[in-house]
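Asks: What shape does this take:
(3 chains)
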Amino acid sequence: MPEEAGEHGESLIHVAIKAEKLFDLGPIAVTNSMVGTLIATVVLAWLAWWATRNATVVPGRLQGFLEFGVDFMAGVVRGQHATRWRAILAPVLTIFLLVLFANYVGLLPGVGTIAVNVVSDGHTTSVPMIRPASADLNFTLALALIAFVLFVSWGIRANGLRGYLKETFIANPPYMTPLMTPIHIVSELSRIISLSMRLFGNIFAGEILLAVMLALTFVVVPTVFLGLELIFGAVQALVFALLTLTYITLATAGHGGGHDEPGDTPHHDADDAALGAGAH
Amino acid sequence: MDLTQLAAGLAIGLGALGPGIGLGLGVSKAMEALGRNPEASGAMFVPYVLGLALTEAVAIYALVIGLLILFT
Amino acid sequence: MEALIKAFDVNITGLIFQVINFLLLLYLLNRFMFKPLLERMDERSTKIARGLEDAEAAARDRELARAEREAALSDARREAAEMLASANKIAADTRDEILAKARAEAEGVTARATEEIGAEKERAMAELRASVADLALAAAGKVVRAQMDGPTQRRLVEEFLAEAPAGGRAGAERN
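Replies: The predicted structure is shown next:
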């Protein structure tokens, strides 16, 4: 990043808050974050195929490691959804793995530093070829929308369409509806924003942090922050997956108490669930 | 020096203040609980991580606002 | 909101690409990773459960066998003790019997011997009495005969005296 940013003379660090277009593929503008997404996806799919192409009862190292992850998540999901855990596990686990690998793409050497020249509007700019997918709001927003669709559909499946609509749009007691319903709707919708912004902010900030450290200091310091980002990447992936699971749990739990208080912040639901998640 | 940059810096700086204190409190309580009852670490882990993530989200909002100020 | 979308360059192409990518990955992972892994894990857990069950059954069997062995051993021990006791009792009984018999026999022998001795004595006394009478008669005859000459008489008396001790002693004993 630093060297190619230097030639513009604006700042020592190249900071782009959005994904940049690499080239046009028909009507689709291929951005560098799409490349990052594809790398994460391909690596993940290959790993899945390679690790389990001859899955054995006594696991090898890689299989054991993957099983540890799958088993942990399965345990958490099973703890909250005793009967339908298998159907919920797959998307939650996919979210976790995809986010994890998308985060880690940003830590690979060459990502963000290998640049290509792109001609747009007549003048040439140099653009990093690969951008970690999680540092693109399109990616995180898409995942958040998927999570939203997931917990809404699970809510409908658990309570029926009527039950779900009643749950969402009619407060308890009914005379509170004018006050509560907007809050509830905002609360549901704000989950999309908070999910996507949290992941985006963390990873983007991590990228900037790494770039700043690389620009300002010597070899050892960025390494420390690289290790830190390794932890944050895993934690954020876990958080995204667990929050999705928690929202699904809240949606399927049906009419529970706890969020009837007016004037709640939109996050109160999630907070409750977070505190109760491990207790079941 | 542009006022925009000052605003962005203040946004993330002040916005990180609260979550910093909150994270400290949360982790301190979690460690205390862990010290009292080490067997509960498994049950604590998921709520712990979620709680930290929700606290940290506030700082992330500040960061996003800061970035918005800076880039729009 | 407008500014937000513009600043972060949220566009429908990117969103659709990411959603399609996610769904594809969901299918692939489910097909190639979660399903086989969960199957293997299920298999393993059932296998382990079965193994544990087997181990438990084996332990139960072992315990049972041990109890059986112990019971057999204690039975044998008790039987041996019983046998020993009965053997001891029999031995004691036999000894007593033999002793009693021996005592009775010994008594019988003694009695018979005493009886025999008594009979012998009677007979000896009767013989003695007869021989004393004979002796007296003989002595009387000799005395009568010795009156004819002195030296002869003298010799006779000496003869008698030489013969006498047995009869005399016998006679003295009897008194």
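
Asks: residue ranges with poor pLDDT in the chain?
Replies: By default, I'm working from chain A. A:1-14, A:54-59, A:121, A:254-280 (pLDDT under 70).

Asks: oops, I was thinking of chain C
Replies: C:1, C:145-150, C:153, C:164-175.

Asks: would you list every one of the helices in it?
Replies: Under the criterion DSSP state H, helices of chain C are mapped to C:2-8, C:12-29, C:35-146, C:150-174.

Asks: ok, now the stretch 1-150 of chain A?
Replies: For the stretch 1-150 of chain A, the helices defined by DSSP state H, counting those that start in this stretch cover A:2-6, A:32-52, A:61-80, A:85-105, A:137-169.

Asks: Return the list of helices and strands in contact with the fourth one.
Replies: Okay, so that is helix A:85-105. Packed against helix A:85-105, as judged by 3 or more CB pairs under 8 Å, 6 or more residues apart in numbering or on different chains; DSSP states H and E, are the following elements: helix A:32-52, helix A:61-80, helix A:137-169, helix A:177-216, helix A:220-253, helix C:12-29. Heads up, the C-betas are built off the backbone N, CA and C, glycines and all.

Asks: quick revisit: out of the helices of chain C, which one sits most buried?
Replies: Comparing the helices of chain C on average neighbours per residue, with mean count of other CB atoms under 10 Å in any protein chain shown, the densest one is helix C:12-29 at a mean of 17.

Asks: Next one: the residue of chain A most remote from its centre from A:V30, what distance?
Replies: Distance from the C-alpha centroid of chain A, by CA atoms, centre = their mean, peaks at A:Y175 (37.6 Å). To A:V30, A:Y175 is 54 Å away according to CB to CB, to the nearest Å.

Asks: For the closest residue to chain C within chain B, grab the count of nearby residues.
Replies: Closest residue of chain B to chain C, CB to the nearest CB: B:T72 (4.9 Å). By the criterion of other CB atoms under 10 Å in any protein chain shown, B:T72 has 13 neighbours.

Asks: confidence score at it?
Replies: Note for B:T72: predicted pLDDT of 73.

Asks: Adding distance to C:L37, write the helices and strands packed on helix A:85-105 out as a markdown table.
Replies: Putting the helices and strands packed on helix A:85-105 into a markdown table (distance: least, CB to CB, whole Å) gives the following:
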| stretch | distance to C:L37 |
| --- | --- |
| helix A:32-52 | 6 |
| helix A:61-80 | 5 |
| helix A:137-169 | 21 |
| helix A:177-216 | 25 |
| helix A:220-253 | 17 |
| helix C:12-29 | 10 |
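
Asks: Any idea which of those helices gets closest to B:I65?
Replies: Closest to B:I65 of the helices and strands packed on helix A:85-105 is helix A:177-216 (CB to CB; 10.0 Å).

Asks: Which elements pack onto the closest one?
Replies: By 3+ CB pairs under 8 Å, 6+ apart, helix A:177-216 packs against helix A:2-6, helix A:85-105, helix A:137-169, helix A:220-253, helix A:268-277, helix B:41-71.

Asks: Return the most buried member of the ones you listed.
Replies: Mean neighbour counts for the helices and strands packed on helix A:177-216 (mean count of other CB under 10 Å) peak at helix A:85-105, with a mean of 23.

Asks: who in chain B is up against chain C?
Replies: Residues of chain B found near chain C (CB under 8 Å from any CB of the partner chain) are B:67-68, B:71-72.

Asks: need those in JSON lines with distance to A:F139, can you?
Replies: Listed next are those as JSON lines, based on distance: CB to CB, whole Å:
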{"residue": "B:L67", "distance to A:F139": "16"}
{"residue": "B:L68", "distance to A:F139": "19"}
{"residue": "B:F71", "distance to A:F139": "18"}
{"residue": "B:T72", "distance to A:F139": "21"}
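
Asks: between the longest helix anywhere in chain B and helix B:41-71, how many degrees?
Replies: Secondary structure assigned by DSSP H gives helix B:3-36 as the longest helix of chain B. Helix B:3-36 and helix B:41-71 are oriented at 180 degrees to each other (axes from the mean of the first three to the mean of the last three CA atoms, to 10 degrees).

Asks: Please see if helix B:3-36 touches chain A.
Replies: No: remark: helix B:3-36 sits outside contact range of chain A, by CB under 8 Å from any CB, the gap being at least 8.9 Å.

Asks: list the buried ones in that helix?
Replies: B:8, B:11-12, B:15-16, B:19, B:22-23, B:26, B:30 (16 or more other CB atoms under 10 Å in any protein chain shown).

Asks: ok, of these, which one's closest to chain A?
Replies: Scanning those for proximity to chain A, where the rule is CB to the nearest CB, the winner is B:I12, at 8.9 Å.

Asks: That closest one contacts B:G66, correct?
Replies: Yes: contact between B:I12 and B:G66 holds when scored by CB atoms under 8 Å: they sit 4.0 Å apart.

Asks: can you put the helices of chain C in TSV and add distance to A:S194?
Replies: What follows is the helices of chain C, written out as TSV (distance: least, CB to CB, whole Å):
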stretch	distance to A:S194
helix C:2-8	14
helix C:12-29	18
helix C:35-146	31
helix C:150-174	149
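
Asks: Which among those is found nearest to A:A40?
Replies: helix C:12-29 (8.8 Å).

Asks: and the residues of chain B next to chain C as JSON lines, adding distance to chain A?
Replies: What follows is the residues of chain B next to chain C, written out as JSON lines (distance: CB to the nearest CB, whole Å):
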{"residue": "B:L67", "distance to chain A": "5"}
{"residue": "B:L68", "distance to chain A": "8"}
{"residue": "B:F71", "distance to chain A": "5"}
{"residue": "B:T72", "distance to chain A": "9"}
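
Asks: so where's chain B uncertain?
Replies: B:1.

Asks: middle-most residue in it, spatially?
Replies: B:E56 (2.6 Å).

Asks: Spit out the contact partners of it.
Replies: Contact analysis of B:E56 by CB atoms under 8 Å, 6 or more residues apart in numbering or on different chains lists A:198, A:202, B:19, B:23.

Asks: ok, for A:L97, nearest residue in space, not its chain neighbours?
Replies: Closest residue in space to A:L97, ignoring its immediate chain neighbours: A:L44 at 5.7 Å, by CB to CB, 6 or more residues apart in numbering or on different chains.

Asks: what's around the one you found, how many residues?
Replies: Counted with other CB under 10 Å, A:L44 comes out at 20.

Asks: I'd assumed A:F101 was in contact with it.
Replies: Yes: between A:L44 and A:F101 a contact is recorded at 5.1 Å, counting by CB under 8 Å.

Asks: How much space separates A:D136 from C:I16?
Replies: For A:D136, the distance to C:I16 - CB to CB - is 14 Å.

Asks: Same question for C:M41.
Replies: Distance from C:M41 to C:I16, by CB to CB: 35 Å.

Asks: Ok, A:I17 next?
Replies: With distances taken as CB to CB, A:I17 is found 21 Å from C:I16.

Asks: would you turn the contacts of B:E56 into JSON lines with distance to A:I88?
Replies: As requested, these are exported to JSON lines (distance: CB to CB, whole Å):
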{"residue": "A:R198", "distance to A:I88": "21"}
{"residue": "A:N202", "distance to A:I88": "24"}
{"residue": "B:P19", "distance to A:I88": "30"}
{"residue": "B:L23", "distance to A:I88": "29"}
